[in-house]
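Trainee: Turn this into a model:
(chains A and B)
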Protein chains: 2
Amino acid sequence: MEYNLNKAQLIALDWGTSSLRAYLLGTSGSILEERSLELGIMHVQRASEETGVGLRAAFEAAFEQACGDWKAGAPLLPILASGMIGSAQGWCEAPYLEVPFDIGSLGGHLTQVPNAYGRAIYIVPGLIRRTGLVNVMRGEETEIAGALAMRDSAAFTGRVLIGMPGTHSKWAYVSGRTVEDFETFMTGEVYAALRTHTVLGLTMKYSVGSGRMGEAFDRGVKIALSEAGSLGVLSNIFSVRTLGLIGNLDPEEQPDFLSGILIGHEIRALASLHSHFHISPKQTDDSIVLVGDSALCARYRRALELNDKDGVTTIVQAAARGLWQVATQAGLISPLTIADDMIAREPYHVK
Amino acid sequence: MEYNLNKAQLIALDWGTSSLRAYLLGTSGSILEERSLELGIMHVQRASEETGVGLRAAFEAAFEQACGDWKAGAPLLPILASGMIGSAQGWCEAPYLEVPFDIGSLGGHLTQVPNAYGRAIYIVPGLIRRTGLVNVMRGEETEIAGALAMRDSAAFTGRVLIGMPGTHSKWAYVSGRTVEDFETFMTGEVYAALRTHTVLGLTMKYSVGSGRMGEAFDRGVKIALSEAGSLGVLSNIFSVRTLGLIGNLDPEEQPDFLSGILIGHEIRALASLHSHFHISPKQTDDSIVLVGDSALCARYRRALELNDKDGVTTIVQAAARGLWQVATQAGLISPLTIADDMIAREPYHVK
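Mentor: Below you'll find the predicted structure:
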């Protein structure tokens, strides 16, 4: 532990709605320690309401709980956070930056958090598209910064479509280092709501293998990508019930099948992104990168394969790497370490 | 009350998942009395589980509670029910009939319910499409029978698209008296789940006018029908949050706006129904009839108008009329009354 703190360069926080991931990062952004806590801003808000403690004090308490020992052991370490922590409901609001935006300059737009410790605590801003149907992201901009740093730079010379599956999936067109535009799909949250709060959940059963991706997933994806998919999500999902009713879909398969229908529809919609963003298909090289949880990315990679998109790359732990990149851009990391980093070009270690 | 029972010809039950509507019908199917009770099969199942009373006994108790006085006062009245009461989870399963199906012959396929009263209690079967993505309906077949009887017969010479908005909306192509094919959209249930169990509900507020259809509804429909709609429901619904975030959509408007997006997507999908059902667009006359709750039908009529479909007819109380039609087909109504009906052609009275 002390050994880690001696080598530490940054406390990096990926602080979202439902969870907080805290990283102690060392030379070149290597992960010395990693902690995952159920201290998302939703939990902190609730704690503040229940105890009557002010919201700012509740965030300080959560931060103390997550990495008070790191803070105490290495008082000079800079602290950088990304995600919903920078929203109006978070610790301190970090105003959105508008796309198109050069992700390499994120470090020049950090918001400093007033805090009781007299410490340099910073928050990365999110991105916004104000035209048309407004869109926002918080946290994913940092994952994009990480993904750009982690992937072979040659592969990023053209335009890349970066998909970040999750509760609210984001798809961003990135050209060079510039995030041109992006879109959100509420796939993960809709899946949870349908499973838990509609008639579709009533016939579902869970077994040892539940959660594993199987044939039922493929079947769901294929429906979404087929001519029947043109009837839309609201119609297609009813087949979970009807196929189950006639004994053509086992209760244990139904969650996987529903996941396939929803993710399939998200993939189907990607074909419309070009025109929606006013980007000519010819301008893109159709290179797709997935960033996020590996099991969830595997579902998306499979759905993309079924839509004839092969050669998709998956990148994990992009948030920690992105926070390192942004901290470096912002001059939060000591120059010596950066020099080391530039000379050594160490591979990125993931525990 | 006794006066009503003297004139009564049929106890008609529209018995669904969440509610039970009981009608005492008189000459020509006029509604003498109407009762709406929270005794849907879902409630009866729960009562059966909680009290330990068998399911059949629980249904008999619910029936007794709903119209025991009618039954006691007029022991010879036939009883006919439609809806989820005929499902495997209902009082007695009435096997599905396959489309295409002549709705005029529903009365020849009733299922008799074994019961403790020694009474003629019958259930109308639902319809099923077994090909492709399987689809089912229970109750709507009876509403279709009612709608065909209630609308000017001349208007039904061609093919008609009948929409039945609700928790699970149904759209059926009906040619003459034949239900050719139909599709389901889980619009109502998805709306409730999104509003109550996702982040979209968090910023919604309700005021005195909530539930009224306003400009926000139109705005939602237009998004679904626009080029942005090609990104699909999973993406479009996120605009409830983002437009709210930038102060471009009031919290009080958000439920109406979400309703517009979802109903708009259902209407958008209708354009794909022809090819999905392998029906040539030329064969249809594009005549659309809406059947159901008048406030909900008004939303659908407005969404259809915004999609350049005018002249849509709305029919209410189709279930009661449909049950009367089916009972007549089945010979449950005394011949004298039918003769009266044929001669008099009384207009249908809705209280």
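Trainee: where along the stretch 101-250 of chain A do the helices fall?
Mentor: Ranges of helices in the stretch 101-250 of chain A, per DSSP state H, counting those that start in this stretch, are A:140-150, A:187-197, A:215-225, A:233-236, A:239-245.
Trainee: Including mean neighbour count, mean pLDDT and distance to chain B, could those helices go into TSV?
Mentor: No exception for glycine: its C-beta is placed from N, CA and C like everyone else's. Below are these laid out as TSV (neighbours: other CB atoms under 10 Å in any protein chain shown; pLDDT from 0 to 100; distance: least, CB to the nearest CB, whole Å):
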stretch	mean neighbour count	mean pLDDT	distance to chain B
helix A:140-150	27	95	13
helix A:187-197	20	96	4
helix A:215-225	21	98	7
helix A:233-236	26	98	4
helix A:239-245	21	97	4
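Trainee: now the ones you listed as TSV including distance to residue B:28?
Mentor: Output for the helices of the stretch 101-250 of chain A, formatted as TSV (distance: least, CB to CB, whole Å):
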stretch	distance to residue B:28
helix A:140-150	64
helix A:187-197	43
helix A:215-225	46
helix A:233-236	37
helix A:239-245	37
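Trainee: Quick one, which of those gets closest to residue A:51.
Mentor: helix A:187-197 (27.6 Å; CB to CB).
Trainee: Which strands or helices does that closest one pack on?
Mentor: helix A:254-270, helix B:187-197 (3 or more CB pairs under 8 Å, 6 or more residues apart in numbering or on different chains; DSSP states H and E).
Trainee: ok, the spatially closest residue to residue A:36 that is not a sequence neighbour - how many residues close by?
Mentor: Closest residue in space to residue A:36, ignoring its immediate chain neighbours: residue A:21 at 5.2 Å, by CB to CB, 6 or more residues apart in numbering or on different chains. For residue A:21, the neighbour count with other CB atoms under 10 Å in any protein chain shown is 21.
Trainee: Residue A:21 and residue A:33 touch, don't they?
Mentor: No: judged on CB atoms under 8 Å, residue A:21 makes no contact with residue A:33 at a distance of 11.2 Å.
Trainee: what's the neighbour count on the closest residue to residue A:191 other than its chain neighbours?
Mentor: Spatial nearest neighbour of residue A:191, chain neighbours left out: residue A:262 (5.3 Å); criterion: CB to CB, 6+ apart. A count of nearby residues for residue A:262, using other CB under 10 Å, gives 27.
Trainee: What of residue A:102?
Mentor: For residue A:102, using other CB under 10 Å, the count is 12.
Trainee: residues in contact with the residue of chain A most remote from its centre?
Mentor: Of all residues in chain A, residue A:246 has its C-alpha farthest from the mean position, at 38.5 Å, by CA atoms, centre = their mean. Shown in contact with residue A:246 (CB atoms under 8 Å, 6 or more residues apart in numbering or on different chains): B:128, B:130, B:134.
Trainee: among those residues, which are within reach of chain A?
Mentor: Residues shared between the contacts of residue A:246 and the neighbourhood of chain A are B:128, B:130, B:134 [CB under 8 Å from any CB of the partner chain].
Trainee: could those be laid out in a markdown table, adding pLDDT and neighbour count?
Mentor: Below are those laid out as a markdown table (pLDDT from 0 to 100; neighbours: other CB atoms under 10 Å in any protein chain shown):
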| residue | pLDDT | neighbour count |
| --- | --- | --- |
| B:128 | 98 | 21 |
| B:130 | 95 | 13 |
| B:134 | 96 | 18 |
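Trainee: Confirm that residue A:81 sits in a strand.
Mentor: Yes: assignment of residue A:81 by DSSP: H, G, I helix; E, B strand; the rest coil places it within a strand.
Trainee: do you know how far it is from chain B?
Mentor: Here residue A:81 is placed at a distance of 20 Å from chain B (CB to the nearest CB, to the nearest Å).
Trainee: which residues does the closest residue to that residue other than its chain neighbours form a beta bridge with?
Mentor: Once flanking residues are discounted, residue A:81 sits nearest to residue A:13: 3.8 Å by CB to CB, 6+ apart. In this entry, residue A:13 is beta-bridged to residue A:22, residue A:81, by DSSP bridges.
Trainee: OK, contacts around residue A:13?
Mentor: Shown in contact with residue A:13 (CB under 8 Å, 6+ apart): A:20-23, A:63, A:66-67, A:79-83, A:85, A:323.
Trainee: How about residue A:334?
Mentor: So residue A:334 contacts residue A:9 (CB under 8 Å, 6+ apart).
Trainee: what's the burial count for residue A:228?
Mentor: Counted with other CB under 10 Å, residue A:228 comes out at 18.
Trainee: confidence score at the closest residue in space to it that isn't next to it in sequence?
Mentor: In space, and not counting its chain neighbours, residue A:228 is closest to residue B:133: 5.5 Å by CB to CB, 6+ apart. Looking at residue B:133, its pLDDT is 92.
Trainee: do residue A:90 as well
Mentor: Confidence score, pLDDT, at residue A:90: 95.
Trainee: Confirm for me that it is in contact with residue A:42.
Mentor: No: using CB under 8 Å, residue A:90 makes no contact with residue A:42, being 10.6 Å away.
Trainee: Those two - which one has more neighbours?
Mentor: residue A:90 (23 against 17).
Trainee: Name the SS class of the more buried one, please.
Mentor: Secondary structure assignment for residue A:90 (three-state DSSP): coil.
Trainee: Residue of the stretch 251-351 of chain A nearest chain B, please.
Mentor: residue A:272 (4.0 Å; CB to the nearest CB).
Trainee: ok, how many other residues are close to that residue?
Mentor: 17.
Trainee: Excluding residues flanking it in the chain, which one is nearest it?
Mentor: Leaving aside its chain neighbours, residue A:272 sits nearest to residue B:230 (4.0 Å; criterion: CB to CB, 6+ apart).
Trainee: Residue A:145: what's it in contact with?
Mentor: A:103, A:104, A:106, A:321, A:322, A:325, A:326.
Trainee: what subset of those is also close to chain B?
Mentor: Counting by CB under 8 Å from any CB, no member of these is near chain B.
Trainee: And the furthest pair within these?
Mentor: Based on CB to CB, the longest span within the contacts of residue A:145 runs between A:104 and A:321 and measures 14.0 Å.
Trainee: neighbour count winner among these two?
Mentor: Ranked by neighbour count (other CB under 10 Å), residue A:104 and residue A:321 place residue A:321 first, with 28 against 16.
Trainee: name the element the more buried one belongs to?
Mentor: In this assignment (DSSP states H and E), residue A:321 forms part of helix A:318-329.
Trainee: Point out the other helices and strands that that helix packs with.
Mentor: strand A:10-15, strand A:20-25, strand A:79-82, helix A:140-150.
Trainee: Now tell me what touches the third one from outside.
Mentor: So the one you mean is strand A:79-82. Under CB under 8 Å, 6+ apart, the answer for strand A:79-82 is A:10-15, A:71, A:91, A:110, A:113, A:119-124, A:138-139, A:141-142, A:319, A:322-323, A:326-327, A:330, A:332.
Trainee: likewise stretch A:90-105?
Mentor: Contacts of stretch A:90-105 (CB under 8 Å, 6+ apart): A:15, A:41, A:56, A:59, A:63, A:81, A:84-87, A:106, A:109-111, A:113-114, A:123-130, A:136, A:141, A:144-145, A:148, A:174, A:177-182, A:329.
Trainee: From the chain's centroid, how far away is that stretch?
Mentor: Relative to the chain's own centre, stretch A:90-105 is displaced by 15 Å; criterion: CA atoms, centre = their mean, to the nearest Å.
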